[in-house]
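Peer 1: would you be able to build a 3D model of this:
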Amino acid sequence: MTFFDDISDGFGNLFNLGKTIGKGWGAEPDDVVKTKTALQGLGYYKDEAAKRYETPGKPLTGFAGTKLFDDLKKFQKDNGLKADGIMNPNGPTHKKMVTLLGKKANTVETSPNDRKPSFPTSGLPPAPRAKPKIPQAPLWKNVQQHESGSLKRVRDQQTNQNQEGALKPIPKSRANVLQSGKTTGIPTINREKGRIKNLIEDAPAKFDIKSNPDADGGWQIHEVPLFGRGMVKQHDTTIRKVTEKHEVDPDLIRAVMWAENARGHKGPFNLLGDIMGVSETPLPMNINKKTGAKLIKKSPKDLYNATDNIEASAIMLKRISKRIDDPSPAKVGSIWNFAGRETTNDFGEFIQRIYDEKPWLKKFP
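Peer 2: Just a heads-up that it's a prediction; the model follows:
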């Protein structure tokens, strides 16, 4: 399997783009991963700078960032397009990229045994048969929606298919072994205190979390959408600046902020606690002030400042995302809500619903 298989929509159409890619456009994670993979296939988004935003040996993330936009501009400039770092579905940049990908996909490099000999072959022994090719692992796996794990299981089976075509399961003792046979040395941490310590230290780790089909992100009686809308609207400029700085999906920050204020408001007591300086989880993100202070290397009292509060939260959410296989807002949000979570909960699914619906874009009645 090649990256051409991964960026197709299953009907032979290369690189199907759902929404606009560009700074401040709130692109879908799946579109971001496809764009990064397509750029890599065309010779972009693969230098040392990309390592600042991606974890070596892991799939590309669905978070758009400066590196992606800069490489998109370079691609546009190299191909005589308007170098604005924006790619619209079926726009000039998208069509050009699809055309070049199509040409590359149709270019088959012949092996020495396939070439016509330039000398007589009569009387010579037959050429040795080429060894069968072992299916290669995909360069990346799509960021999956929280409610579906079937595609991931299919891809995992394809990745571990042996030469005879039989499916060869990976033993649990080899869960951290790469295809090259080298161990990653990355520990799996599932205890609450261990995860919090790891997130603060930013050491390599993996957090296990699965989707819980019984978790419900639907409306609850104490949910007040007006509180979520007001807080996101008030801090949207800061959200844009902070997420651009730390390469985090701004819609993920908006969804968590909305959820924390719509459901975690505790009536007037949150705001009162902030005013008195006694709240352990100050607004607008309801992040633990001691943990947040360590993330941005400041004092806990600085977390009462909205910018520091949002920045610490962005760092936390990014680090959680990098430690989860196939991260989704539901999985990230569940661990955000409780660090020791190993299955998604109602609050995480609520964050997923808000992320999908994006109510901050809708007109308030």
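
Peer 1: show me the contact partners of stretch 315-323.
Peer 2: Outside of stretch 315-323, the residues within contact range by CB atoms under 8 Å, 6 or more residues apart in numbering are 55, 58, 61, 63, 198-199, 202, 205-207, 246-248, 252-253, 256, 287, 291-292, 295-296, 327, 332, 335-336. (Each C-beta comes from the backbone N, C-alpha and C, glycine too.)

Peer 1: swap in 7 Å and give it another go.
Peer 2: Residues from elsewhere that reach stretch 315-323 (CB atoms under 7 Å, 6 or more residues apart in numbering): 55, 61, 199, 202, 205-207, 246, 248, 252-253, 256, 287, 295-296, 327, 332, 335-336.

Peer 1: in helices, which of those residues appear?
Peer 2: Using DSSP state H, the members of these that fall within helices are 199, 246, 252-253, 256, 295-296, 332, 335-336.

Peer 1: tell me the mean pLDDT for stretch 317-335?
Peer 2: For stretch 317-335, the mean pLDDT works out to 94.

Peer 1: make that stretch 86-106, sorry
Peer 2: Mean predicted confidence for stretch 86-106 is 86.

Peer 1: can you tell me which residues contact the closest residue to T307 other than its chain neighbours?
Peer 2: Spatial nearest neighbour of T307, excluding adjacent residues (CB to CB, 6 or more residues apart in numbering): T238 at 5.4 Å. Applying CB under 7 Å, 6+ apart to T238 gives the contacts 306-307, 310.

Peer 1: in TSV, list the ones in helices among the contacts of stretch 315-323 along with distance to T35.
Peer 2: Below are the ones in helices among the contacts of stretch 315-323 laid out as TSV (distance: CB to CB, whole Å):
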residue	distance to T35
L199	28
H246	20
L252	18
I253	21
V256	24
L295	29
I296	30
V332	21
I335	27
W336	26
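
Peer 1: out of those residues, who's nearest D356?
Peer 2: D356 lies nearest to L252 out of the ones in helices among the contacts of stretch 315-323, by CB to CB, at 11.6 Å.

Peer 1: from memory the closest one sits against P329, does it?
Peer 2: Yes - between L252 and P329 a contact is recorded at 6.0 Å, counting by CB atoms under 7 Å.

Peer 1: need the overlap of contacts for the two.
Peer 2: Y355.

Peer 1: which parts of the host helix or strand of K193 are buried?
Peer 2: Using DSSP states H and E, the element containing K193 is helix 192-201. Neighbour counts over helix 192-201 (16 or more other CB atoms under 10 Å) mark 194-200 as buried.

Peer 1: quick check: which ranges of the protein have low pLDDT?
Peer 2: 1-14, 107-184, 265-275, 364-365 (pLDDT under 70).

Peer 1: domain map for it?
Peer 2: 3-105, 193-361 (automatic domain parsing).

Peer 1: with distance to P187 added, can I get those in TSV?
Peer 2: What follows is the domains of the chain, written out as TSV (distance: least, CB to CB, whole Å):
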stretch	distance to P187
domain 3-105	14
domain 193-361	6
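
Peer 1: looking at these, spot the one closest to I186.
Peer 2: I186 sits nearest to domain 193-361 of all the domains of the chain, at 4.8 Å, using CB to CB.

Peer 1: one step back: highest neighbour count among the ones in helices among the contacts of stretch 315-323?
Peer 2: The residue in the ones in helices among the contacts of stretch 315-323 with the most neighbours, by other CB atoms under 10 Å, is V332 (31 neighbours).

Peer 1: so who does that residue touch?
Peer 2: Counted by CB under 7 Å, 6+ apart, V332 has contacts 252, 317, 320-321, 324.

Peer 1: farthest-apart pair in these, please.
Peer 2: L252 and I324 (12.6 Å).

Peer 1: distance check, the closest residue in space to D302 that isn't next to it in sequence against K298.
Peer 2: Spatially, and ignoring its direct neighbours in sequence, D302 is nearest to D308 (4.6 Å; CB to CB, 6+ apart). Taking CB to CB, to the nearest Å as the criterion, D308 is separated from K298 by 6 Å.

Peer 1: more neighbours, those two?
Peer 2: Shown here are D308 and K298; by other CB under 10 Å, D308 has more neighbours (22 against 16).

Peer 1: could you give me the buried positions within the host helix or strand of the more buried one?
Peer 2: Assigned by DSSP H and E, D308 falls within helix 306-322. Within helix 306-322, the residues that count as buried by 16+ other CB under 10 Å are 306, 308-322.

Peer 1: likewise stretch 207-219?
Peer 2: Counting neighbours by 16+ other CB under 10 Å, stretch 207-219 gives 207, 209, 211-212, 215, 217 as buried.

Peer 1: got those residues as TSV, with secondary structure columns?
Peer 2: Listed next are these as TSV, based on DSSP: H, G, I helix; E, B strand; the rest coil:
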residue	secondary structure
F207	coil
I209	coil
S211	coil
N212	coil
A215	coil
G217	coil
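
Peer 1: quick check: the farthest pair among those?
Peer 2: Farthest pair in the buried residues of stretch 207-219, by CB to CB: F207 and G217, 20.2 Å.

Peer 1: for this structure, what spans make up the strands?
Peer 2: Applying DSSP state E to the chain gives no strands.

Peer 1: can you give me the helices in it?
Peer 2: Using DSSP H, helices in the chain cover 3-6, 29-41, 66-78, 92-105, 150-159, 192-201, 225-246, 250-263, 269-276, 289-296, 306-322, 329-337, 346-357.

Peer 1: any idea which of those helices is most buried?
Peer 2: Comparing the helices of the chain by mean neighbour count (mean count of other CB atoms under 10 Å), helix 329-337 ranks first with a mean of 27.
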